[in-house]
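Trainee: from the sequence below, what's the structure:
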Amino acid sequence: MAQLLDERDMGVLTSCMSLLVALVSNNHEAYWSCLPKCVKTLERLARNQDVPQEYTYYGIPSPWLQVKTMRALQYFPAVEDPNTRRSLFEVLQRILMGTDVVKNVNKNNASHAVLFEALALVMHLDAEKEMMSQCVALLGKFIAVREPNIRYLGLENMTRMLMVTDVQDIIKRHQAQIITSLKDPDISIRRRALDLLYGMCDVSNAKDIVEELLQYLSSADFAMREELSLKAAILAEKFAPDLSWYVDVILQLIDKAGDFVSDDIWFRVVQFVTNNEDLQPYAALKAREYLDKPAIHETMVKVSAYILGEYSHLLARRPGCSPKEIFIVIHEKLPTVSTSTIPILLSTYAKILMHTQPPDQDLQRQIWAIFSKYESCIDAEIQQRAVEYHALSMKGAALMDILAEMPKFPERQSLLIKKAEDSEADTAEQSAIKLRTQQQNSNALVLTDQRPANGTPQVNQLGLVKVPTMSNADPSTAEQGLTHANGALTVVDPQPPSTTSPDLLGDLLGTLAIEGPPGPDIAPQSDPRVASGLEGGVDALAIATVEDQTNAVQPIGDIAERFHALCLKDSGVLYEDPHIQIGIKADWRAHQGRVVLFLGNKNIGALSSVQALILSPSHLKIELSLVPDVIPPRAQVQCPLEIINLHPSRDSAVLDFSYNFGTQLVNVKLRLPAVLNKFLQPIPISAEEFFPQWRSLSGPPLKLQEVVRGVRPMLLAEMANLFNSLNLMVCPGLDPNANNLVVSTTFYSENTRAMLCLIRIETDPADRTQLRMTIASGDPTLTYELKEFVKEQLISIPITSRAATPPMAPQGQPLSPPTALLSSDPGAMLAGLL
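Mentor: From the prediction side, this is the model:
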């Protein structure tokens with residue numbers, strides 16, 4: 001191999017170097033003799049000796065060969081020979097000194113490819129401090145240039161330089177410029193700047209960096225806020241000059257970005273406060289001050305209530321901090337919090353009652369009334385706490401011993417710091433590998449044996465059922481839709497993603513320009529999601545039991561109508577027939593939902609063999625509690641469901657429910673209203689926040705635009721009411737055109753956390769049946785799914801009167817397409833499907 005590196009032909013030498021890189025990456029020990037040959041090759045190229053003109057690119061001798069040679073040298077642990085090492089450093093010095101930013105883009109790309117590979121080799125060889133300083137100075141110049149690619153590479157390589165000893169202090173000289181990069185229009189540059197600030201932080205500059213991160217937090221992209229919050233919390237904990245400063249930072253963090261602060265962060269604050277007695281009065285006072293704000297995040301309510309419950313008695317002599325005043329200010333937040341926070345507030349009330357000495361009879365009555373109210377709550381945790389605290393609070397002085405202060409937590413490693421140590425910063429290669437892995441989705445269909453909560457499916461009764469979307473029909477396709485006679489389950493072929501027109505607006509203030517007639521429909525088999533095995537293809541399949549017989553019992557009322565009503569409200573009747581009524585009561589918080597199914601037996605005879613099976617799509621994690629096998633006469637049972645939204649999708653879960661009444665077997669499949677809008681939370685947004693976010697999400701796939709035709713004609717006010725009912729907040733005053741709407745909301749899922757979504761609707765007063773819709777978010781899948789969801793709502797027809805249901809075809813034969821589907825009128829198509 002070493003002899004091949006003496007080759008004079010540049011083409012052959014380049015091929016040999018590619019081979020050497022592959023070989024030494026697996027085992028460098030066998031190729032030590034190639035190391036001096038690589039250095040000589042670099043010398044030959046750097047001094048431009050005997051390099052043919054055809055291998056000189058914009059005056060740079062064979063840059064691709066230089067890169068390969070330096071890449072090969074990085075696989076050797078060290079260069080032991082002093083002469084070889086000196087020759088190599090001379091070449092590297094020449095590269096460092098001879099590279100500058102020029103106007104020619106191609107020359108810039110080539111020269112900087114060589115330069116950054118040289119920087120990587122310098123770091124690998126652990127060069128002298130003088131050369132390291134020169135590298136940092138060069139990178140400092142690059143992070144200040146206008147070209148974004150060079151700025152990105154400068155920040156990335158400066159982050160790598162942090163791994164080298166004795167250069168951190170040199171890098172700190174560029175702190176101001178790095179902080180400026182946090183405000184760069186390019187999010188990838190902002191991320192690299194955040195990584196660099198995080199890596200260069202130590203005791204000497206922690207206060208400045210954390211304060212800059214907190215200041216930047218209020219204007220940062222939603223896509224960065226979670227990472228930003230986590231890193232600020234870790235830096236505050238690792239390098240806090242004193243614990244009171246740490247408490248200040250975390251409370252500010254929660255106040256500014258509560259949606260992005262994980263529970264681990266506020267748990268850690270509680271541990272510090274509990275374990276440090278000197279910190280307790282200060283933390284209680286700060287918590288009291290935050291509660292005075294008119295609107296605070298729920299996480300702030302949690303941490304403030306916990307701290308004040310334990311330590312508010314330390315503030316008793318301060319004005320506005322009596323037990324009754326503390327109780328009032330905390331209790332004002334109760335109506336705004338979710339069920340997960342109410343147990344903490346109940347514990348706080350019990351602690352306040354314990355610390356109130358002598359007892360305040362009026363305060364005691366108020367707190368007892370709250371305990372009594374929640375003793376019948378459907379949430380087991382809330383109910384248990386209310387019952388136990390009510391009983392304990394009757395014990396008088398004995399309450400002091402039972403509800404004593406929490407003991408100190410055992411000293412252990414912070415989960416935040418452990419999380420930071422376990423996670424590694426992504427390099428460009430790692431990111432590419434991850435992207436390729438994500439794109440390699442298997443097209444194989446995997447069938448999992450899903451068993452009902454209280455029984456086993458009968459043999460030979462498993463079949464494939466497409467989990468339906470929220471709408472009954474899709475006017476953009478001429479494929480037939482299949483609907484059961486009772487409307488319980490609709491199977492609709494997945495629609496292809498619309499061909500989005502380019503972003504003609506440029507910014508929000510563009511004018512409406514609706515294109516000409518629509519093109520031909522796209523066949524469903526051209527759906528790239530199906531072809532690649534993504535959502536809507538294999539993932540949209542679920543296992544469901546298929547009955548061979550038709551139900552003799554017919555439902556009371558329209559099932560589809562009930563489902564659509566529950567998509568817009570949280571309680572109501574999902575299904576009813578002469579024997580049973582299934583009601584729903586739901587509570588949705590962020591990406592989680594708690595749904596209670598009320599199964600009511602309407603007869604004087606028992607319902608037996610009751611079974612319930614949840615057919616869950618891939619984006620929902622659903623846990624159903626045990627369903628009783630028998631429902632007694634005139635009785636009602638409750639079956640809680642816990643739902644977690646994993647990622648955006650319009651597919652809905654299906655409840656496969658069956659029971660026996662006498663000799664009658666009844667089986668229905670009901671869509672559950674755990675639909676996309678349940679995981680939306682309307683959020684007001686000002687012009688100062690909207691425009692930067694809108695511009696930063698430029699072009700597909702993060703911003704999609706489509707002209708929607710066949711829209712149900714409605715006034716602008718009606719459309720605004722429709723959006724509000726779907727948890728999409730209309731923001732008036734952002735668009736100067738009175739015929740347009742700007743809408744904002746936050747989508748929650750376990751994968752995306754809180755993701756801001758922005759929508760712009762442009763209507764034409766002369767033709768209310770068409771409009772242009774632009775939707776933007778930080779997640780491509782979310783953007784597409786939300787666009788299709790909103791489109792379904794705009795073109796759907798309210799189910800006030802049913803069209804004639806086409807007769808069911810004999811078993812085993814496909815249904816013939818409804819006549820209405822042959823019409824080009826979207827309204828007629830939908831009426832036929834409905």
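Trainee: so where is the chain shaky, pLDDT-wise?
Mentor: Scanning the chain for pLDDT under 70 picks out the ranges 48-49, 99-102, 127, 165, 396-402, 404, 412-551, 796-834.
Trainee: make it 50
Mentor: 424-549, 797-834 (pLDDT under 50).
Trainee: need the strands for the stretch 1-150 of the chain, in chain order.
Mentor: Counting by DSSP state E, counting those that start in this stretch, the stretch 1-150 of the chain has strands at residues 56-57, 60-61.
Trainee: out of those, which is closest to Ser698?
Mentor: strand 56-57 (32.0 Å; CB to CB). (Glycine included, C-beta is placed from N, CA and C.)
Trainee: that closest one - contacts with which helices or strands?
Mentor: Helices and strands touching strand 56-57, as assessed by 3 or more CB pairs under 8 Å, 6 or more residues apart in numbering; DSSP states H and E, are absent.
Trainee: walk me through which strands it pairs with, and which way each runs.
Mentor: strand 60-61 (antiparallel) (DSSP bridges).
Trainee: how about residues contacting the partner strand?
Mentor: Strand 60-61 is contacted by residues Leu45, Ala46, Asn48, Val51, Tyr55, Gln66, Lys107, Ala110, Ser111, Val114 when judged by CB atoms under 8 Å, 6 or more residues apart in numbering.
Trainee: for stretch 329-346, same thing?
Mentor: 288, 291-292, 296, 298, 301-302, 304-306, 308, 348-349, 366, 370-371, 374, 379, 381-382, 385-386, 389, 587, 589, 594.
Trainee: same check, this time on stretch 21-36
Mentor: Against stretch 21-36 from outside (CB under 8 Å, 6+ apart): 1-2, 5, 20, 68, 71-73, 75-77, 79, 81, 84.
Trainee: hang on, the earlier thing: and the contacts of stretch 329-346, which are buried?
Mentor: By neighbour count, with 16 or more other CB atoms under 10 Å, the contacts of stretch 329-346 hold 288, 291, 296, 298, 301-302, 304-306, 308, 348-349, 366, 370-371, 374, 379, 382, 385-386, 389, 587, 589, 594 as buried.
Trainee: which of those fall in helices?
Mentor: 288, 291, 298, 301-302, 304-306, 308, 348-349, 366, 370-371, 374, 382, 385-386, 389 (DSSP state H).
Trainee: put the alpha carbons of stretch 743-754 into CSV.
Mentor: The C-alpha coordinates for stretch 743-754 follow below in CSV (Å, rounded to 0.1, in the frame of the first residue of the first chain):
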residue,chain,number,x,y,z
VAL,A,743,-54.9,31.7,13.4
SER,A,744,-52.5,30.4,16.0
THR,A,745,-52.5,27.3,18.3
THR,A,746,-50.1,25.0,20.1
PHE,A,747,-50.0,21.3,19.3
TYR,A,748,-48.9,18.8,22.0
SER,A,749,-47.5,15.4,21.5
GLU,A,750,-44.8,13.3,23.3
ASN,A,751,-42.4,13.6,20.3
THR,A,752,-42.9,17.3,19.4
ARG,A,753,-43.8,18.5,22.9
ALA,A,754,-45.3,22.0,22.5
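Trainee: just the buried positions in that stretch, please.
Mentor: Val743, Ser744, Thr745, Thr746, Phe747, Tyr748, Ser749, Thr752, Arg753, Ala754.
Trainee: mind checking the SS state of the fourth one?
Mentor: I take that to be Thr746. Classification of Thr746 by DSSP: H, G, I helix; E, B strand; the rest coil places it in strand.
Trainee: is it in contact with Cys757, as I believe?
Mentor: Yes. Between Thr746 and Cys757 there is a contact at 7.0 Å, judged by CB atoms under 8 Å.
Trainee: who touches both of the two?
Mentor: Contact with both Thr746 and Cys757 is made by residues Leu680, according to CB under 8 Å, 6+ apart.
Trainee: rewinding a little: tell me which of the strands of the stretch 1-150 of the chain sits most buried.
Mentor: Highest mean neighbour count of the strands of the stretch 1-150 of the chain: strand 60-61, a mean of 20 (counted as mean count of other CB atoms under 10 Å).
Trainee: after the helix or strand hosting Glu642 comes which helix or strand?
Mentor: Using DSSP states H and E, Glu642 sits within strand 636-645. Downstream of strand 636-645, the next assigned helix or strand under DSSP H and E is strand 654-661.
Trainee: summarise which helices and strands that following strand is packed against.
Mentor: Under the contact criterion of 3+ CB pairs under 8 Å, 6+ apart, strand 654-661 touches strand 541-545, strand 608-615, strand 664-671.
Trainee: ranges for the strands of the stretch 651-800 of the chain?
Mentor: 654-661, 664-671, 680-682, 703-709, 729-730, 740-749, 753-764, 767-777.
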